[in-house]
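Chemist: The sequence and its predicted three-dimensional model are supplied below.
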Amino acid sequence: MTVKEAIPACAEGVYDTREEDTPEVRAKGTGGARDPGAHASPGTAAATVAAGRAAQELGLRRNEFELAVHLGLIAVTEMPGGGRPRVREREIARLREEPGYPDGLVERVRTVGTAEGAALLGIVPARFTRLARAGCFSPVTFYLNRYRAVVWLYLADELASFAVREPALLAGRMPQEMRTRLEAGGDRRSRNWRAQRIERLLKRTEDPWARAAVEASALDSAHLAEVVEDPYERAYLVRVRPEPVFGRPTSVAAREAMGELMLADDPDEILWRRINLTLSVEQARDERQAPRPGDDPGGWAPSAPRLAPPVFPKAVAKSVPEPARDPAPEPALELARKAAPDPIPKPTPNPPPAPAAAAFTAPVPVAVLAPTHAPQPTASPPLSLAMDTPSGVRAPSRKRLLTRLGWRRRKDG
């Protein structure tokens, strides 16, 4: 539906661009993303379907289905054990019974960029960008182009509501205050995106610490440490922080971009988030204290118990059995122990000095004692013309050598 079609329909009261967020609407599943206490039991697992199949049955693309869950148009059920959320069959039946299905559901999750949004409002893209920077309408999601620049997407339903609510801003001169803010370089697109994201996450939980964690997600570590000084409380806020139903983007560049966009950058926004975080933490402390190591078995992993060393009996601890002792020699050993002299030598009188010759004689074995007379040089045995071998066979080589020496002596003589 275009703006020209939406304005007459709204004047007649037959076109409502946004359903009022009431407890009755949230009970139907259109006001909140999911019931935080709704968990599928094993008995009701057959009554739920996977997210992909639910998107096919509802005629939505995967990104449209995830956006519908994020906006609270489709209620999902948490599976025990941290599995991916599923959709109950009665929720799909409820959405099919709504008037205008399926075009009405598709139109409520349709997103447009700058060019298509400007065509929808009937203005030029430059004016559309100035209105978005001024905060007249908020982006609902974004993506990164090939240059890794953030491209904001807007709900066509919200743009139609803006055209019905503020038709004077679509033409003519902008107010002076808005022009001054834009000339100063103001851009409220990321701030409005953070505000809506935080608001939708707060609707998903009633736990005070989880709500404080949502407020803390908009502050960097320095501001968070100034507001929450206890490191255990800061760690607990990070642990219980709720995330979108389908998690963060899968690509690294998209996660980095989301991490930068989630942090408040304006001084007034930072002050506002610090005030909200202070109030939320005080309310959470009044209900219960943040767990510390050893206090919360569900959050802090207890250390593994140390096992005591096993105690074995002596008979089992011996790997090799000792040889059996003969009881007979016991008395003999006892008598020998008693008859043995005391190992500690008793002091005895000094013996008389030994002769000088014997003073330096070292005790040596008897078998190697030197003879008392000086050894006489023995004359070498006379050379013989032939020598016998131990076997009685003469050595011919030695005989010929001595024979040659003998002949030479005869020639010399």
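Modeler: Good, I have the coordinates. In this text, all values refer to a predicted model and were calculated from it rather than measured experimentally.

Chemist: Poorly predicted segments of the stretch 201-350 of the chain, please.
Modeler: 247-248, 296-350 (pLDDT under 70).

Chemist: Please, where are all the helices along it?
Modeler: 208-216, 221-227, 231-240, 252-261, 267-287, 314-317, 330-339 (DSSP state H, counting those that start in this stretch).

Chemist: most tightly surrounded among the ones you listed?
Modeler: helix 208-216 (a mean of 23; mean count of other Cβ atoms under 10 Å). To be clear about C-beta, it is placed using only N, CA and C from the backbone, and glycine gets the same treatment.

Chemist: Ok, which of the helices of the stretch 201-350 of the chain comes nearest Glu57?
Modeler: With Cβ to Cβ as the criterion, Glu57 lies closest to helix 252-261 of these, at 28.1 Å.

Chemist: what's in contact with that closest one?
Modeler: The contact list for helix 252-261 (Cβ atoms under 8 Å, 6 or more residues apart in numbering) reads Phe142, Tyr143, Leu144, Arg148, Val150, Ser190, Trp193, Arg194, Arg248, Pro249.

Chemist: now those residues in JSON lines, with secondary structure, distance to Val227 and neighbour count?
Modeler: Formatted as JSON lines, the contacts of helix 252-261 follow (DSSP: H, G, I helix; E, B strand; the rest coil; distance: Cβ to Cβ, whole Å; neighbours: other Cβ atoms under 10 Å):
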{"residue": "Phe142", "secondary structure": "strand", "distance to Val227": "28", "neighbour count": "18"}
{"residue": "Tyr143", "secondary structure": "strand", "distance to Val227": "32", "neighbour count": "16"}
{"residue": "Leu144", "secondary structure": "strand", "distance to Val227": "31", "neighbour count": "16"}
{"residue": "Arg148", "secondary structure": "coil", "distance to Val227": "32", "neighbour count": "10"}
{"residue": "Val150", "secondary structure": "strand", "distance to Val227": "28", "neighbour count": "17"}
{"residue": "Ser190", "secondary structure": "helix", "distance to Val227": "21", "neighbour count": "21"}
{"residue": "Trp193", "secondary structure": "helix", "distance to Val227": "23", "neighbour count": "19"}
{"residue": "Arg194", "secondary structure": "helix", "distance to Val227": "17", "neighbour count": "20"}
{"residue": "Arg248", "secondary structure": "coil", "distance to Val227": "24", "neighbour count": "12"}
{"residue": "Pro249", "secondary structure": "coil", "distance to Val227": "28", "neighbour count": "16"}
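
Chemist: Pull the most distant pair out of these.
Modeler: Arg148 and Arg194, at 20.1 Å, using Cβ to Cβ across those.

Chemist: From Asn145, how far off is the nearest residue to Arg273 once chain neighbours are set aside?
Modeler: Once flanking residues are discounted, Arg273 sits nearest to Ala218: 4.6 Å by Cβ to Cβ, 6 or more residues apart in numbering. Counting by Cβ to Cβ, to the nearest Å, the gap from Ala218 to Asn145 is 25 Å.

Chemist: Settle it for me: which of these two has more neighbours?
Modeler: A count of neighbours by other Cβ atoms under 10 Å puts Ala218 above the other of Ala218 and Asn145, at 24 against 8.

Chemist: contacting residues for that one?
Modeler: With Cβ under 8 Å, 6+ apart, Ala218 has these contacts: Arg194, Ile198, Met262, Leu263, Ala264, Glu269, Arg273.

Chemist: and these as CSV, adding distance to Ala284?
Modeler: Below are these laid out as CSV (distance: Cβ to Cβ, whole Å):
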residue, distance to Ala284
Arg194, 21
Ile198, 16
Met262, 21
Leu263, 22
Ala264, 20
Glu269, 22
Arg273, 16
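
Chemist: and which of these is nearest Glu177?
Modeler: The closest of the contacts of Ala218, once distances to Glu177 are taken by Cβ to Cβ, is Glu269, at 18.3 Å.

Chemist: wait, isn't that closest one in contact with Arg188?
Modeler: No. In this structure Glu269 lies outside contact range of Arg188 using Cβ atoms under 8 Å: 9.5 Å.

Chemist: Quick one: residues contacting Trp193.
Modeler: Ser138, Pro139, Val140, Phe142, Trp152, Leu261.

Chemist: Which one of those residues is nearest to Ala212?
Modeler: Closest approach to Ala212 among the contacts of Trp193 (Cβ to Cβ): Leu261, at 20.9 Å.

Chemist: part of a strand, is Ala160?
Modeler: No. Checked against DSSP: H, G, I helix; E, B strand; the rest coil, Ala160 lies outside a strand; its state is helix.

Chemist: Got the confidence number for it?
Modeler: Per-residue pLDDT puts Ala160 at 94.

Chemist: quick one: it and Val214, what's the gap?
Modeler: 29 Å.

Chemist: mind listing the strands for this protein?
Modeler: 34-39, 48-49, 76-79, 83-88, 111-112, 141-144, 150-155 (DSSP state E).

Chemist: now for these, which one comes closest to Ala184?
Modeler: If we rank the strands of the chain by Cβ to Cβ, the stretch that ends up nearest is strand 150-155, at 20.2 Å.

Chemist: Go through the closest one and flag the buried ones.
Modeler: Within strand 150-155, the residues that count as buried by 16 or more other Cβ atoms under 10 Å are Val150, Trp152, Leu153, Tyr154, Leu155.

Chemist: Adding pLDDT and distance to Pro293, write those residues out as JSON lines.
Modeler: Converted to JSON lines, the buried residues of strand 150-155 look like this (pLDDT from 0 to 100; distance: Cβ to Cβ, whole Å):
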{"residue": "Val150", "pLDDT": "93", "distance to Pro293": "40"}
{"residue": "Trp152", "pLDDT": "96", "distance to Pro293": "43"}
{"residue": "Leu153", "pLDDT": "96", "distance to Pro293": "43"}
{"residue": "Tyr154", "pLDDT": "97", "distance to Pro293": "46"}
{"residue": "Leu155", "pLDDT": "96", "distance to Pro293": "45"}
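
Chemist: Right, I'll leave it there.
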